[in-house]
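1. Coordinates for the following, if possible.
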Amino acid sequence: MFGFNVFQEIPRPFNTQYKCFSVSMLPGNERQDVERGGKIIMPPSALDTLTRLNIVYPMLFKLTNKKTNRITHCGVLEFVADEGKVYLPYWMMHNLLLQEEDIINVESVSLPVADFVRFQPQSEDFLDITNPKAVLENGLRSFACLTTGDMIAIKYNSRIYEMCVLETKPGSAVTIIECDMNVEFAPPVGYKEPERPVRKEDKPMDPADLMPEPTGFIAFKGEGNRLDGKKRKETTPIETPTERPVYIRGIPDYDFQIGTLKFLRHVKPTDNKEVKEQDEFKAFTGEGFSLRKSRKS
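-> I've put the predicted structure just below:
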């Protein structure tokens, strides 16, 4: 009865140090799959230790450069490295400020599943890609996790595009294995919004442009000449006020004052006598016409 293990064994953390090398130093053929992703290659002894410690899958690790206190997170691709060594992608060594044969601390961790990540392309050339989200999704298949502040590298059409991880939710480091996350892009570094040409209709309109130009005769607008042919002395020209154009319906009156009403009527002024005579009715005051032509020549 007491011989059975009733309580689940708690996995012990994996924490050790290795000498780090870039993938280009890995013996054998060049491994482009390692260089493009976010996973490292560890020695076989690490797998034995992880198995004894009952590490939960997927295996995720926290990499720390204790000299600079720079950290990142990664997964593991294979356990084929020489004992005491680990091989990292170049972009990961660059983020951690590591050189060949520097000491790196490797610690097993458990990370939350990502639900939101915001990236910032480091070049405006990324905008030339037709479907950037599809390209990013395909590139992230080689990654196990993302860390805020990392500068990852995505390869597309024989070009390397660097992407800065600006934000990750729900934590500063998340796993992206079998997850459904929302992706957002910040404007690329150095990007400026193109200036939109100002159209004529968008320009502020001058009130004077709404009124038609005066046409026809304008008094005292000409120049004077002397009868003896001599040139007249130059004098400062006196600007004569021009008649204001007649108001046209549809054009606002810019001299309108709040609280006043103007009733525009074109009525000929008449005196009361004429009005009274027009109002009185007189029978048979009209003119008659004959349908037969007059015989008088």
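
2. any chance you could map the strands in the stretch 1-150 of the chain?
-> Along the stretch 1-150 of the chain, counting by DSSP state E, counting those that start in this stretch, strands occupy 15-22, 39-41, 60-65, 70-78, 85-88, 103-109, 116-121, 145-147.

3. do you know which of those strands lies nearest residue 261?
-> strand 116-121 (59.4 Å; C-beta to C-beta). The way it works is simple: take the backbone N, C-alpha and C, and place the C-beta from them, glycine included.

4. which one of the strands of the stretch 1-150 of the chain lies closest to residue 258?
-> strand 116-121 (51.5 Å).

5. Just give me the neighbour total for residue 116.
-> 13 (other C-beta atoms under 10 Å).

6. And for the one 3 residues further on?
-> Residues lying near residue 119 (other C-beta under 10 Å) number 21.

7. Excluding chain neighbours, what is closest to it?
-> residue 163 (4.6 Å; C-beta to C-beta, 6 or more residues apart in numbering).

8. what does residue 50 give?
-> Residue 50 sits nearest to residue 14 (C-beta to C-beta, 6+ apart), 5.6 Å away.

9. Make sure that neighbour is actually in contact with residue 107.
-> Yes - counting by C-beta atoms under 8 Å, residue 107 is a contact partner of residue 14 at 6.7 Å.

10. what's the overlap in contacts for those two?
-> Residues touching both residue 14 and residue 107 by C-beta atoms under 8 Å, 6 or more residues apart in numbering: residue 61.

11. re the thing from before, host element of the residue nearest to residue 119?
-> strand 159-169 (DSSP states H and E).

12. For the next helix or strand after that strand, give me every contacting residue.
-> Downstream of strand 159-169, the next assigned helix or strand under DSSP H and E is strand 173-175. Applying C-beta under 8 Å, 6+ apart, the contact partners of strand 173-175 are 58, 60, 62, 73, 109, 111-114, 117, 144-148, 168.

13. hmm, try it at 10 Å
-> The set of residues external to strand 173-175 that reach it, using C-beta atoms under 10 Å, 6 or more residues apart in numbering, is 58, 60, 62, 71-73, 75, 109-117, 143-150, 165, 168, 181.

14. what do you get for stretch 183-200?
-> Contacts to stretch 183-200, defined as C-beta under 10 Å, 6+ apart, come from residues 114, 116-127, 132-133, 136-137, 140, 161-164, 166-167, 202.

15. Could you list the alpha-carbon positions for that stretch in CSV?
-> Only the C-alpha atoms of stretch 183-200 are listed here, as CSV (Å, rounded to 0.1, in the frame of the first residue of the first chain):
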residue,chain,number,x,y,z
VAL,A,183,0.1,39.2,-35.7
GLU,A,184,0.6,43.0,-36.1
PHE,A,185,3.3,44.9,-38.0
ALA,A,186,4.7,48.2,-36.9
PRO,A,187,6.0,50.7,-39.6
PRO,A,188,9.5,49.6,-40.8
VAL,A,189,12.5,51.5,-39.5
GLY,A,190,13.0,54.7,-41.5
TYR,A,191,9.6,54.5,-43.1
LYS,A,192,7.8,57.8,-43.8
GLU,A,193,4.2,58.2,-44.9
PRO,A,194,4.1,59.5,-48.5
GLU,A,195,2.9,63.1,-48.8
ARG,A,196,-0.4,63.3,-50.5
PRO,A,197,-0.6,66.0,-53.1
VAL,A,198,-3.0,68.7,-52.1
ARG,A,199,-5.9,68.9,-54.6
LYS,A,200,-7.4,72.1,-55.7
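
16. Now do the most centrally placed residue in the chain, the pLDDT please.
-> Taking C-alpha atoms, centre = their mean, the centroid of the chain lies closest to residue 187, which sits 6.2 Å from it. pLDDT recorded at residue 187 is 89.

17. Return the residues in contact with residue 89.
-> Contacts of residue 89 (C-beta under 10 Å, 6+ apart): 22-24, 31, 34-41, 74, 77, 95, 142, 152-153.

18. Quick one, which of these are buried?
-> Buried residues within the contacts of residue 89, counting neighbours by 16 or more other C-beta atoms under 10 Å: 22-23, 31, 34-41, 74, 77, 95, 142, 152-153.

19. what's the offset of stretch 27-44 from the middle of its chain?
-> Relative to its chain's centre, stretch 27-44 lies at 37 Å (C-alpha atoms, centre = their mean, to the nearest Å).

20. Same question for stretch 22-34.
-> Relative to the chain's own centre, stretch 22-34 is displaced by 39 Å; criterion: C-alpha atoms, centre = their mean.

21. what residues does that stretch touch?
-> Under C-beta under 10 Å, 6+ apart, the answer for stretch 22-34 is 35-37, 39-41, 77-78, 80-82, 85, 87-94, 98-101, 142, 155.

22. Good, wrapping up.
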